[in-house]
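1. I'll drop the sequence and a predicted model, then ask my questions.
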Amino acid sequence: MLLVCWMLLCSGASFGQTGTGNWILNPGVVGTIILIVIVLLVLVLIVYFRVSEFISRTWSDENTEKKRKLSESLIDLDSAEIDTILEKRKAALAYRLSGDELGSSVTAEDKRGVIAGVTHEPRNPLVDEKKRTKLDLETPDELKKLVVWYLGAAVFWLVLGTAVGQYVGMKFVWPEMDTVPWLSFGRLRPVHTNTVFWGWASMAMIGLGYFVVARTSNTIIHSYKWAWIGWGLINLSVLSGNICLMAGINNGGGEYREYIWPVLLLFASALIITFRNFYKTIAHRKVSEIYVSNWYLLGGLLWTITLVTIGYLPVFQDGLGETVIQGYYMHQGVGMWFMTFTLGLVYYYLPSSLNKPIYSYSLGVLAFWTQMLFYTLIGTHHFVFSPLPWWLQTVAIVFSVGMFIPVVAGTTNFLMTMRGSWSDISKSYVLPFFLVGVIFYFTGSSQGSLQAFRFTNFVWHFTDFNVAHSHMTMYGIITFILWACVYAVLPKLTGREPRQFFVGTHFWMAFIGLFAYMISLMAGGTLRGLSWIEGKPFIESVVLMQPYWVWRAIGGSLMFLSHLMFAYNFLVMVKRPLNHD
């Protein structure tokens, strides 16, 4: 991976000879490199904590082994020596506390019943283990079942959608793999994107969201019946939409809206049902305040219903107006649905996992309103240097820079919430998943703002760099955070926890795979864009990308294997009946 970065930097001089100047020193490029380094530093940080824990555990094992050897050495002692040792031990055992060493003679009592048991095992913590959380007992079985089935469908679509993506990615290395029309790149690529968007991410978000609105409102879901109807509509829309796409029936070239309108109508209906269910649940809350998570969840649903409506109205589908709407739809789908809703999940699941409150409610509200303000007008930055009005392109660039405000506010809020809990990185993989998601939220979103600059657009637009950026955000942010939320809440609902080794395997394959995927396409995409600027033949840029596409396939393979491991962990967590004692 570092070799790829080195190749990119070393190639800068040769490509900067004509037309682009010293491109490597451009603020957008420098900023992107710094953001990549930040991600690398986080990887090093997590490795450090995990290795430190391993060394500490190994040291403890060595001490235990020394004590065992000492015990065995007693066997070789003569009778007099053993008698001396036993007399000292007997005297030590006869010692008793007077009872008032701590300033009181009152008998200690466990009035609240927090101590589950007392043990003398050397590997136990210094304090007695507390009783298991009652979260699983306080959650209605109907809600448990609803969350599990939403997440179960999401896991299915994740494995299927990324299997298609893996197959499509391998076509870059072996383009002669098949000649079947249904398996052509043009048909399978939107199957991959729409499946992971509307099947995996959306289903997981809504399932986790149902738990949040019920929990933070201290009430029951307004209508489980409508929740299940929404579950069926979304699954039906993804299934029918994919069949249509593979058969060549689509909505044209609009990215992420390739499903024809009857299919998207099913998905939009599910969103309307979900919004009504969430709203009614929150409206009947038994607490006075509306927790900040619910602002994000309702805002994301409301904006997406509006987005789908605008994106499919026929009046907007002609000429340059269609181009403007495409930029609006594409970016709003990512920012106002996936990002907004997922951030709402973080505001609940992160502090609850750490057993502490969110750092700042005010920062959360600031991030919410500035997200709503700036994100609505940045879609046109995908069409810089297009026939669209220059002022509209400039507005998109300015608002893209404005996105630094909600991103910095949100990142600060999350990192400050984690403050003081960094040691948990060595104990559980929930915090590392959250940490990676939050760091990618900062780096991926900031890199998107830098990519909106005219020069970086000039170099990177239409290249594989954009594929890297989309995975940096949709995978690095959304998917990692969803995984963190699943691992945080599901064991509490079902009473089953996966082995940390398998969760760690999932984490490292996904993280390393994403890093390899991202860096290779960023490097190759940059060189490809510079090749076009130099006016070199297009086929040369195709040949140039070959080694980077190989790394793309390697990284993608690791990511896909991590999804299989996640699916296994999910099955482990849900295999016990939900109504267990």
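-> That came through, no problem. Numbering: from 1, shown residues only.
2. what about the host helix or strand of Tyr548, distance to the chain center?
-> Tyr548 is part of helix 538-574 when elements are defined by DSSP states H and E. Taking Cα atoms, centre = their mean, to the nearest Å, one finds helix 538-574 lying 16 Å from the centre of the chain it belongs to.
3. now the helix or strand where Phe374 lies: mean pLDDT?
-> Secondary structure here is read from DSSP H and E; on that basis Phe374 sits in helix 361-375. Per-region confidence: helix 361-375 scores 92 on mean pLDDT.
4. then stretch 218-237?
-> Predicted confidence along stretch 218-237 averages 96 (mean pLDDT).
5. CA atoms only: put it into CSV for me.
-> Extracted C-alpha coordinates of stretch 218-237, given in CSV (Å, rounded to 0.1, in the frame of the first residue of the first chain):
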residue,chain,number,x,y,z
ASN,A,218,-39.2,5.3,26.6
THR,A,219,-42.2,3.9,24.8
ILE,A,220,-43.3,1.2,22.4
ILE,A,221,-43.3,1.4,18.6
HIS,A,222,-46.4,3.0,17.3
SER,A,223,-47.3,0.1,14.9
TYR,A,224,-45.4,-3.1,14.5
LYS,A,225,-47.7,-4.1,11.7
TRP,A,226,-46.6,-1.1,9.5
ALA,A,227,-43.0,-1.7,10.4
TRP,A,228,-43.3,-5.2,9.0
ILE,A,229,-45.0,-3.9,5.9
GLY,A,230,-42.1,-1.5,5.4
TRP,A,231,-39.7,-4.4,5.7
GLY,A,232,-41.5,-6.3,3.0
LEU,A,233,-41.7,-3.3,0.6
ILE,A,234,-38.0,-2.6,0.8
ASN,A,235,-37.0,-6.2,0.2
LEU,A,236,-39.5,-6.4,-2.7
SER,A,237,-38.2,-3.2,-4.2
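6. identify each buried residue in the helix holding Tyr548, please.
-> Buried positions in helix 538-574, judged by neighbour count with 16 or more other Cβ atoms under 10 Å: 541, 544-545, 548-549, 551-563, 565-570, 572-574. Where C-beta positions appear, they are placed from N, C-alpha and C, glycine not excepted.
7. list the contacts for the spatially most central residue of the chain?
-> The chain has Phe480 as the residue nearest its centroid, 2.0 Å off, counting by Cα atoms, centre = their mean. Applying Cβ atoms under 8 Å, 6 or more residues apart in numbering, we find Phe480 in contact with Phe433, Phe434, Val436, Gly437, Phe440, Ala510.
8. in helices, which of those fall?
-> Using DSSP state H, the subset of those located in helices is Phe433, Phe434, Val436, Gly437, Phe440, Ala510.
9. go ahead and confirm the third one touches Leu40.
-> No - no contact is recorded between Val436 and Leu40 when judged using Cβ atoms under 8 Å, the distance being 11.9 Å.
10. which parts of the chain are strands?
-> Counting by DSSP state E, the chain yields no residue ranges for strands.
11. show the model's pLDDT score for His381.
-> The confidence metric pLDDT takes the value 85 at His381.
12. ignore what I typed, I meant Ile272.
-> Looking at Ile272, its pLDDT reads 97.
13. circling back: neighbour count winner among Val436 and Leu40?
-> Higher neighbour count among Val436 and Leu40: Val436, with 25 against 15, using other Cβ atoms under 10 Å.
14. for the contacts of Phe480, which one is nearest Ala163?
-> Proximity of the contacts of Phe480 to Ala163, judged by Cβ to Cβ, is greatest for Ala510, which lies at 15.1 Å.
15. show me the contacts for the closest one.
-> The contact partners of Ala510, by Cβ under 8 Å, 6+ apart, come to Thr479, Phe480, Trp483, Leu558, Met559, Ser562, His563.
16. please apply the same query to Ile206.
-> Taking Cβ under 8 Å, 6+ apart as the criterion, Ile206 is in contact with Tyr150, Gly230, Ile234, Thr274.
17. next one: it from Leu301, what distance?
-> In this structure, Ile206 lies at 9 Å from Leu301, with Cβ to Cβ, to the nearest Å as the measure.
18. common neighbours of these two, please.
-> Counting by Cβ under 8 Å, 6+ apart, the contacts common to Ile206 and Leu301 are Thr274.
19. show the low-confidence segments of this structure, by residue range.
-> Flagging of the chain using pLDDT under 70 yields the residue ranges 1-21, 54, 57-78, 97-137, 253, 576-581.
20. 50 instead, please
-> 1-19, 122-133, 579-581 (pLDDT under 50).
21. which residue of it sits farthest from its center?
-> Largest separation from the mean C-alpha position in the chain: Ala80, at 65.9 Å (Cα atoms, centre = their mean).
22. wait, Met518 sits on Met472?
-> Yes - taking contact to mean Cβ under 8 Å, the distance of 5.4 Å between Met518 and Met472 places them in contact.
23. which parts of the helix holding Phe374 are buried?
-> Residues Leu363, Gly364, Leu366, Ala367, Phe368, Thr370, Gln371, Met372, Phe374, Tyr375 are the ones in helix 361-375 that count as buried (16+ other Cβ under 10 Å).
24. which stretches in the stretch 401-550 of the chain count as helices?
-> For the stretch 401-550 of the chain, the helices identified by DSSP state H, counting those that start in this stretch occupy 404-418, 430-451, 454-460, 465-473, 480-494, 500-533, 538-574, in order along the chain.
25. of the ones you listed, which is nearest Leu354?
-> When the helices of the stretch 401-550 of the chain are compared by Cβ to Cβ, helix 404-418 sits nearest Leu354, at 6.7 Å.
26. run the chain-centre distance for that closest one.
-> For helix 404-418, the distance from its own C-alpha centre to the chain's C-alpha centre is 16 Å (Cα atoms, centre = their mean).
27. stretch 393-406 now?
-> The offset between the C-alpha centroid of stretch 393-406 and the centroid of the whole chain comes to 24 Å, using Cα atoms, centre = their mean.
28. what's next to that stretch, contact-wise?
-> 327, 366-368, 370-371, 373-381, 383-386, 445-446, 448-449, 452-454.
29. switch to 6 Å and redo it
-> For stretch 393-406, the surrounding residues in contact (Cβ atoms under 6 Å, 6 or more residues apart in numbering) are Ala367, Thr370, Gln371, Phe374, Leu377, Ile378, Thr380, His381, Val384, Ser449, Ala452.
30. how about that stretch: buried residues?
-> Neighbour counts over stretch 393-406 (16+ other Cβ under 10 Å) mark Gln393, Ala396, Ile397, Phe399, Ser400, Gly402, Met403, Phe404, Ile405, Pro406 as buried.
31. do the same with stretch 447-459
-> Using 16+ other Cβ under 10 Å as the burial criterion, the residues of stretch 447-459 that qualify are Gln447, Gly448, Ser449, Leu450, Gln451, Ala452, Phe453, Thr456, Asn457, Phe458, Val459.
32. do me a favour and get the end-to-end distance for that stretch?
-> The stretch stretch 447-459 measures 14 Å between its terminal residues, going by Cα to Cα, to the nearest Å.
33. please tell me how far the nearest residue to Tyr329 once chain neighbours are set aside sits from Glu142.
-> Counting by Cβ to Cβ, 6 or more residues apart in numbering, the nearest residue to Tyr329 once its immediate chain neighbours are dropped is Gly311, at 3.9 Å. As judged by Cβ to Cβ, Gly311 and Glu142 stand 34 Å apart.
34. before we move on, what about Gly165?
-> Noted for Gly165: a distance of 34 Å to Glu142, by Cβ to Cβ.
35. ok so, going back, closest one of the contacts of Phe480 to Pro498?
-> If you rank the contacts of Phe480 by distance to Pro498 using Cβ to Cβ, Phe433 comes first, at 12.8 Å.
36. the nearest residue in space to that closest one that is not next to it in sequence: what's it in contact with?
-> The shortest distance from Phe433 to any non-neighbouring residue, by Cβ to Cβ, 6+ apart, is to Ala484 (3.5 Å). Under the criterion of Cβ under 6 Å, 6+ apart, the contact list for Ala484 reads Val430, Phe433, Phe434.
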